[in-house]
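1. I need the structure of the sequence given here:
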Amino acid sequence: MELAAESTSGRTGMVVDIDLLKLYYLERVRISTAAHGADLGVEARPARWRGVGVEGLHFPGIAAAAGTPLEQAQVAMVMVHGRGDSATGILQLASAFESKGVAYIAPEARHHTWYPNSFLAPIESNQPWLDSALEAIWAVVEEAATAVGTEKVVLLGFSQGACLASEFAARNSRRYGGVVALSGGLIGPDGTARDYRGSLEGTPAFFGCSDSDPHIPVARVHESAQVLENLGARVEKRIYQGMGHTVNQDEVDWILELSRGLLG
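-> Next up, the predicted model:
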């Protein structure tokens, strides 16, 4: 199935057959660490579920890693999984754009979900899980930034993870290596005040989503892209006709190009 991509840069590209790509899976499929953990040399770290603010919520740290060890890497990609997935699961996506010199690291949600309700629900209905999720990402980003510098840290998420990645970047504006939201957008109901402070200082940002995603209204993708652009990001937005809730080769190609640019 070929899909036309709408791009804010004016580019219209063709996407290869998603079934042939076998890059990823729908958000609600549970990935087994035992079945997949060794494919990319994924290292799953021991689970230490320390609460952040509230006992028993998300562990604030790296739960799994792949690619170049962080202490030897030039670039770090923080990969945030979706609902029903895991740290080792999202790291399987790295096989599509693995580059020498890049560390792929991931936090993991308690019970495989970052917050219980829709990302469109009132923010307070997702607390305290949402704040704990953002704290968990903060811990991983800071560890990565210590190793490679903030300007070499890429935030990438799929679905619920994409919502968190974009929300984290908006709330913690600074120059990152990149922000990649695959089928996701900023968190909160329609009409949420987007009074974020600071500047993303030219951070490359990518929003990719289907025009008919059953979980992500395309209007929220448009809004989120505009908000990050207003914060100073260099935004690329691509809406794919009839793609569904998945990842395609066009998105992977953009991520590859970003990684190569950061590697210099």
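
2. any idea which residue is closest to the centre of this structure?
-> With distances taken as Cα atoms, centre = their mean, the residue of the chain nearest its centroid is G157 (1.2 Å).

3. and G157, how far is that from V140?
-> 12 Å (Cβ to Cβ, to the nearest Å). Backbone N, C-alpha and C define where each C-beta goes, glycine included.

4. ok, now W129?
-> Where V140 is concerned, W129 sits at a distance of 17 Å (Cβ to Cβ).

5. ok, H222 next?
-> For H222 relative to V140 (Cβ to Cβ), the value is 28 Å.

6. settle it for me: which of these two has more neighbours?
-> V140 (24 against 16; other Cβ atoms under 10 Å).

7. what are the C-alpha coordinates of the biggest helix by length in the chain, in PDB please?
-> As assigned by DSSP state H, the longest helix anywhere in the chain is helix 129-148. The C-alpha atoms that make up helix 129-148 are tabulated as PDB, following Å, rounded to 0.1, in the frame of the first residue of the first chain:
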ATOM      1  CA  TRP A 129       1.200   9.000  36.900                       C
ATOM      2  CA  LEU A 130       1.800  11.800  34.300                       C
ATOM      3  CA  ASP A 131       4.200  13.800  36.600                       C
ATOM      4  CA  SER A 132       6.000  10.500  37.500                       C
ATOM      5  CA  ALA A 133       6.400   9.700  33.800                       C
ATOM      6  CA  LEU A 134       7.900  13.100  33.000                       C
ATOM      7  CA  GLU A 135      10.200  12.700  36.000                       C
ATOM      8  CA  ALA A 136      11.300   9.300  34.600                       C
ATOM      9  CA  ILE A 137      12.100  10.800  31.200                       C
ATOM     10  CA  TRP A 138      13.900  13.700  32.900                       C
ATOM     11  CA  ALA A 139      16.200  11.300  34.700                       C
ATOM     12  CA  VAL A 140      17.100   9.500  31.500                       C
ATOM     13  CA  VAL A 141      17.600  12.700  29.500                       C
ATOM     14  CA  GLU A 142      19.900  14.100  32.200                       C
ATOM     15  CA  GLU A 143      22.000  10.900  32.200                       C
ATOM     16  CA  ALA A 144      22.200  11.100  28.400                       C
ATOM     17  CA  ALA A 145      23.100  14.800  28.500                       C
ATOM     18  CA  THR A 146      25.900  14.200  31.000                       C
ATOM     19  CA  ALA A 147      27.400  11.700  28.600                       C
ATOM     20  CA  VAL A 148      27.000  13.400  25.200                       C
END
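
8. contacts for it next, please.
-> Helix 129-148 is contacted from outside by 51-54, 57-62, 70-71, 73-76, 78, 80, 103, 105-107, 109, 113-116, 123, 150, 153, 155, 164-165, 167-168, 171-172, 187, using Cβ atoms under 8 Å, 6 or more residues apart in numbering.

9. what of stretch 172-181?
-> 75-76, 138, 141, 150-157, 162-163, 165-166, 169, 196-208, 221, 224, 228, 231-233, 254-255, 258, 262.

10. tell me the contacts of the residue nearest to the centre of the chain?
-> Applying Cβ under 8 Å, 6+ apart, one finds that G157 lies in contact with 79-82, 163-166, 180-182, 184.

11. circling back to that earlier point, in the longest helix of the chain, what counts as buried?
-> The neighbour-count check on helix 129-148 (16 or more other Cβ atoms under 10 Å) flags 129-141, 143-145, 147-148 as buried.
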